[in-house]
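**Q** Here's my sequence, what's the structure:
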Amino acid sequence: MVGFRALKAKQMEGLMDEVFETVSSMKRAYVRLQEAHSPWDPEKMRAADVAVVAELRKLAVLRERFRRSGGRKKSGRRRGGGGGVASLREVVAPYEAVVDELKKEVKAKDLEVQNLKEKLESVAALSSNGSGEKKTGRSQSKRKLGIQAIAAVPTPELFETTMVQVREASKSFTSLLLSLMHNAHWDITAAVRSIEAATASTDKIHNTSTTSIVSAHHAKYALESYISRKIFQGFDHETFYMDGSLSSLLNPDQFRRDCFTQYRDMKSMDPTELLGILPTCHFGKFCSKKYLAIVHPKMESSLFGNLEQHNQVQAGNHPRSEFYNEFLGLAKTVWLLHLLAFSLNPAPSQFEASRGAEFHPQYMDGVVKFSGGRVPAGQVVGFPVSPGFKLGNGSVIKARVYLIART
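**A** This next block holds a predicted model:
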């Protein structure tokens, strides 16, 4: 009898050791699952999720072994075994509560994922059914991001498609900003002259004229030029010069793979939701930097009557306003284009037409269309509107320019 009790006690101790070991392993796996959320790493998330589930199953098996053990038999004489049973119950009980809570969290995440999949499918169906229809809202261009099937490898064609999205988002944000200027009773002509002066200064051209080269109904092109120049500044550097990183030079192959992985992960994400979770990620810092560069305090105060959005951005947060949401649509397209640029080998070569340059149709596209569809002789660049790119396959994405007659 004594030998039997000793054997049962030894078995119970072994079972308890397994319980402690399994719970410790589950804790480590759950920590890895949390760490995989920041920075976002889908592969690590999947691996950690599998590990957590495996440990939960193992714990369930141990619980079943405990329930079927002889320690549950009602016998007042088996005090040694009863003590072990009571101790084991005390150990297992809190972890059973943790397991139940984890199961609830997993179920909630599954529902969230399913909901997002359904949204993506419905938007994709809407896109395929009405791809030829004209856009009816300013935000539609950015909503189209992530609709298309995500490519398996980076290609020049994918870069060209993304550049089209950049231009659509740029036009949309410019249109919103211009309408706000009109509502705030801005002197649009004076604003355009200021932009032209800044462009001339950047191109090292001395211009003393007080007359704008842009007609009143073409002010949107000058404003888009200003926005494009600000948001593309630093595009040639791997982090837009937000830090001194040289990863693209030290380990170029790995850096290209990492950039395309980030592109694939981010393409279908809503930038507002992403920044709500990770406001100070690299993309978040990029958005803050570019917003403050484009919308200076005097401009925001004039447009909205306060500096609420400016203050939020400076504090590292991201406003939930319609205006900032529209800006995020543009910022996301440029960020995706940048990731693609550093995914390609060779990387695209950026170029921009300078003020006063001769018009070259193979490298430039005029934003104002002429009658007959052909640019008349004697036209030169009044100012660049958006940059162009030379791609590794030999194709060229033309720079958009505002043309004027040579004087």
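
**Q** hey, where'd the helices end up in the chain?
**A** With DSSP state H applied, the chain shows helices at 2-35, 42-68, 79-129, 140-143, 156-183, 188-202, 219-232, 247-250, 252-267, 271-277, 282-294, 297-304, 308-314, 322-341, listed in chain order.

**Q** Compare these and say which comes out lowest on pLDDT.
**A** Sorting the helices of the chain by mean pLDDT places helix 140-143 lowest, at a mean of 42.

**Q** one step back: residue 371 is nearest to which of the helices of the chain?
**A** Nearest to residue 371, of all the helices of the chain, is helix 219-232, at 18.3 Å by C-beta to C-beta. (Each C-beta comes from the backbone N, C-alpha and C, glycine too.)

**Q** okay, the helices of the chain in JSON lines with mean neighbour count and distance to residue 348 next?
**A** Below are the helices of the chain laid out as JSON lines (neighbours: other C-beta atoms under 10 Å; distance: least, C-beta to C-beta, whole Å):
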{"stretch": "helix 2-35", "mean neighbour count": "15", "distance to residue 348": "34"}
{"stretch": "helix 42-68", "mean neighbour count": "15", "distance to residue 348": "27"}
{"stretch": "helix 79-129", "mean neighbour count": "13", "distance to residue 348": "26"}
{"stretch": "helix 140-143", "mean neighbour count": "19", "distance to residue 348": "22"}
{"stretch": "helix 156-183", "mean neighbour count": "19", "distance to residue 348": "6"}
{"stretch": "helix 188-202", "mean neighbour count": "17", "distance to residue 348": "22"}
{"stretch": "helix 219-232", "mean neighbour count": "22", "distance to residue 348": "12"}
{"stretch": "helix 247-250", "mean neighbour count": "12", "distance to residue 348": "14"}
{"stretch": "helix 252-267", "mean neighbour count": "16", "distance to residue 348": "13"}
{"stretch": "helix 271-277", "mean neighbour count": "16", "distance to residue 348": "23"}
{"stretch": "helix 282-294", "mean neighbour count": "20", "distance to residue 348": "19"}
{"stretch": "helix 297-304", "mean neighbour count": "15", "distance to residue 348": "31"}
{"stretch": "helix 308-314", "mean neighbour count": "17", "distance to residue 348": "29"}
{"stretch": "helix 322-341", "mean neighbour count": "23", "distance to residue 348": "5"}
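
**Q** For the ones you listed, give me TSV that also has distance to residue 393.
**A** Converted to TSV, these look like this (distance: least, C-beta to C-beta, whole Å):
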stretch	distance to residue 393
helix 2-35	39
helix 42-68	29
helix 79-129	27
helix 140-143	26
helix 156-183	5
helix 188-202	31
helix 219-232	22
helix 247-250	20
helix 252-267	16
helix 271-277	30
helix 282-294	28
helix 297-304	40
helix 308-314	38
helix 322-341	14
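
**Q** What residues does the residue nearest the centre of the chain make contact with?
**A** Here the mean C-alpha position of the chain is nearest to the C-alpha of residue 266 (C-alpha atoms, centre = their mean), at a distance of 4.6 Å. Residue 266 sits next to 274, 283, 332, 335, 336, 339 when contact means C-beta atoms under 8 Å, 6 or more residues apart in numbering.

**Q** and the gap between it and residue 259?
**A** 11 Å (C-beta to C-beta, to the nearest Å).

**Q** Enumerate every residue touching residue 62.
**A** With contact taken as C-beta under 8 Å, 6+ apart, residue 62 is in contact with 15, 18, 19, 22.

**Q** of all the residues you listed, which comes closest to residue 303?
**A** Top of the list for closeness to residue 303, among the contacts of residue 62 and by C-beta to C-beta, is residue 22 at 59.1 Å.

**Q** Assess the claim that the closest one and residue 59 are in contact.
**A** Yes. Taking contact to mean C-beta atoms under 8 Å, the distance of 5.1 Å between residue 22 and residue 59 places them in contact.

**Q** re the thing from before, redo the contacts of residue 62 as CSV? Include distance to residue 48.
**A** As requested, the contacts of residue 62 are arranged in CSV below (distance: C-beta to C-beta, whole Å):
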residue, distance to residue 48
15, 26
18, 22
19, 21
22, 16
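
**Q** quick check, nearest of these to residue 290?
**A** residue 22 (48.8 Å).
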